[in-house]
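# Return a 3D structure for these sequence lines:
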Amino acid sequence: MGGYNSMNQPAASVRDEQKKDSFGAKLAKLLSDFSVHYMWEKKWFFIAMIVGAIMLSLPVPDGLSREAWIVLTMSLVATILFVTEPIPLPAVALLIILGQVLLLGSASSDVAKSLWNDSVLFIMGSLMLAVAVVKQKLDKRIAWIIVRITGTKTTRICFGISVVSGLLASFIGEHTVAAMMLPVGITLVTLTSDDPKKVRNLAAVLLFSIAYGCSVAGIGTPSGGARNAIMIGYWREFFYDPSNPETQRFIIDYVTWMMFAYPMFLIQLPFVTLILFLTFKPEYRDLSRAVVKLRAQVESEGPMKAADWVSIILFLLVLIGWIFVSDEVGMGTIAILGATAFLVAGLVRWEDINSGVNWGVVFLYGAAISLGIEMKETGAAQWVAENFLAMLAPIGANEGFGLWAAVSVLTTAVTNMMSNGAAVAVLGPVVLKVAVVAQESPIVIGFITAISSAFAYLTVVGTPACTIVYASGYLKTTDFLAVGWKMVVVSTIIMLLAAFVYWPFLGI
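Numbers count the residues shown, from 1 in each chain. All right, here's what the predicted structure looks like:
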């Protein structure tokens, strides 16, 4: 009976059972491998959730309400997720919103209202304007203008790139300018040599001139970075009272911010070039050959078109609006108006805006600011501030210059681990309360925090500008450490000197 086995079952049936067992074993192994891979890939998410669960199960520390403890727990969990990024950052924003509704018991409509304010509108409008500006493709013309002004010497070209990158980034955001200027740097590198190994150091000084020029400029104006708008929003939210005229000083407008920060940006520019050339020795001291090729490419594109001039005029009008009327209608309103003007004029399509703007970033900053407001309302920020000062007291850094330096070091450390906007969103409520408890000026401490968040020179992820130039493939992560620590030291010294010598003349 060859068709049957010893148990009188058909041989085909046995083979089917064996196939099922084999398939089941493969499926089980596949699921097991997927689970292991998923758990490992998302380990920091689960670690953050476990940390949050443990904190919520612990007794509430003395001096804190249950709501404040929940907010601190949410802030710590969000910080872990900001730093490690096991899930997309917009998903962290969703978790913050869910936490406010489910853990704090806030009404969803109230949470939704807290997500939108002038600072968030300003960030959104600035990102939309950035897309419109990049759409004009002026990169080669900018490069040609730079070399016509500076000449062909490498040092002068690098300084010119830092100046132009800085001037642009101080008004339209570093990520936009870095994206626009990167082709300028790469063009000069590739026109010098097709072999990346022969222009390794040249590429470093050119690309870092873009990244650091943008970074030092981001402090110059409120539109230079989301971190600036976030701090302006915190000042208004925490200290401004319409019924008290004395609190009007906490409404920091565009010009006032520039008075505090723009001179620092200008002072730092020469140091960018000096530090870069001390760290990297370019293989070519003159880029005449690259400049000749660049000139031919620009001439082949013909003169500037009417659309280019209209774009420049529209942006200048937006800038004028920020300077002269933003204190009346809000900087966010001006930014949205400018983006709308570009759309109405047909200089950019909505499809370009929709695909070019990272809407998740807008959502993320809205959620982070909302959580910061909760830290203030529940007293969590006050509690952290008091304990932070208690830690600094033994070393005499709980007031005055020592406190300024401590806040700067803390912010610099945090901003090199997460985006500078997120760093200010997380630290802002705490440092402003530190200022109140220590009887220091919240404006000074706020400026120190916002400006120090620009000192993300050490890592690729610290600022969008660094990430963008790193993506070119010419730089290594160790390059950022080699030059970044020098930039941190110089920038910190310049800022603390400004706070000690210059800012008192502004009446704070």
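# what about the stretch 101-250 of the chain, any weak spots by pLDDT?
133-134, 136-140 (pLDDT under 70).
# do the same with the chain
1-38, 133-134, 136-140, 327, 417-419, 461-462, 471, 508.
# quick one, domains of it?
Annotated domains of the chain cover 35-110, 118-506 [automatic domain parsing].
# ranking those by burial, who's on top?
Among these, domain 118-506 has the highest mean neighbour count (mean count of other Cβ atoms under 10 Å), at a mean of 20. Every residue, glycine included, has its C-beta placed from N, CA and C.
# How far away from the center of its chain is it?
8 Å (Cα atoms, centre = their mean, to the nearest Å).
# which other residues reach stretch 254-268?
Stretch 254-268 is touched from outside by 166, 170, 216-217, 219-223, 228, 232, 322-323, 326-327, 331, 447, 451, 490-491, 494-495, 498, 502-503, 506, with contacts defined as Cβ atoms under 8 Å, 6 or more residues apart in numbering.
# change it to 7 Å
With contacts defined as Cβ atoms under 7 Å, 6 or more residues apart in numbering, stretch 254-268 is touched by 166, 170, 216-217, 219-222, 228, 322-323, 326, 331, 447, 451, 491, 494-495, 498, 502-503, 506.
# same question, stretch 437-451
Residues from elsewhere that reach stretch 437-451 (Cβ under 7 Å, 6+ apart): 219, 227-228, 231, 235, 239, 260-261, 264, 385-386, 389, 398-399, 403-404, 407-408, 411, 424, 427-428, 431-432, 434-436, 495, 499, 503, 508.
# Go ahead and confirm Leu343 touches Asp352.
No - the criterion here is Cβ atoms under 7 Å, and Leu343 misses it with Asp352 at 9.4 Å.
# OK, contacts around Ile80?
Here Ile80 is in contact with Trp44, Ala48, Val51 (criterion: Cβ under 7 Å, 6+ apart).
# Take the residues you listed and keep only those in helices.
Trp44, Ala48, Val51 (DSSP state H).
# can you pull the contacts of the first one?
The contact partners of Trp44, taken as Cβ under 7 Å, 6+ apart, are Ile80, Thr84, Pro86.
# Output those residues as JSON lines; include the columns distance to Asn244 and secondary structure.
Compiled in JSON lines, these are given as follows (distance: Cβ to Cβ, whole Å; DSSP: H, G, I helix; E, B strand; the rest coil):
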{"residue": "Ile80", "distance to Asn244": "38", "secondary structure": "helix"}
{"residue": "Thr84", "distance to Asn244": "42", "secondary structure": "helix"}
{"residue": "Pro86", "distance to Asn244": "45", "secondary structure": "coil"}
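# Out of the residues you listed, which comes closest to Thr150?
Thr84 (42.1 Å; Cβ to Cβ).
# which ones are touching the closest one?
Listed by Cβ under 7 Å, 6+ apart, the contact partners of Thr84 are Trp44.
# What separation is there between it and Ile230?
22 Å (Cβ to Cβ, to the nearest Å).
# outside of stretch 59-69, which residues touch it?
Leu104, Thr378, Gly379, Ala380, Trp383.
# and which of the residues you listed is nearest to Leu76?
Ala380 (10.7 Å).
# and that closest one, what is it in contact with?
Leu64, Ala68, Val71, Leu72 are the contacts of Ala380 under Cβ under 7 Å, 6+ apart.
# Using CSV, please lay out those together with secondary structure.
Formatted as CSV, those follow (DSSP: H, G, I helix; E, B strand; the rest coil):
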residue, secondary structure
Leu64, coil
Ala68, helix
Val71, helix
Leu72, helix
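# For Phe315, state which of those is nearest.
Of the contacts of Ala380, the one sitting nearest to Phe315 (Cβ to Cβ) turns out to be Val71, at 39.6 Å.
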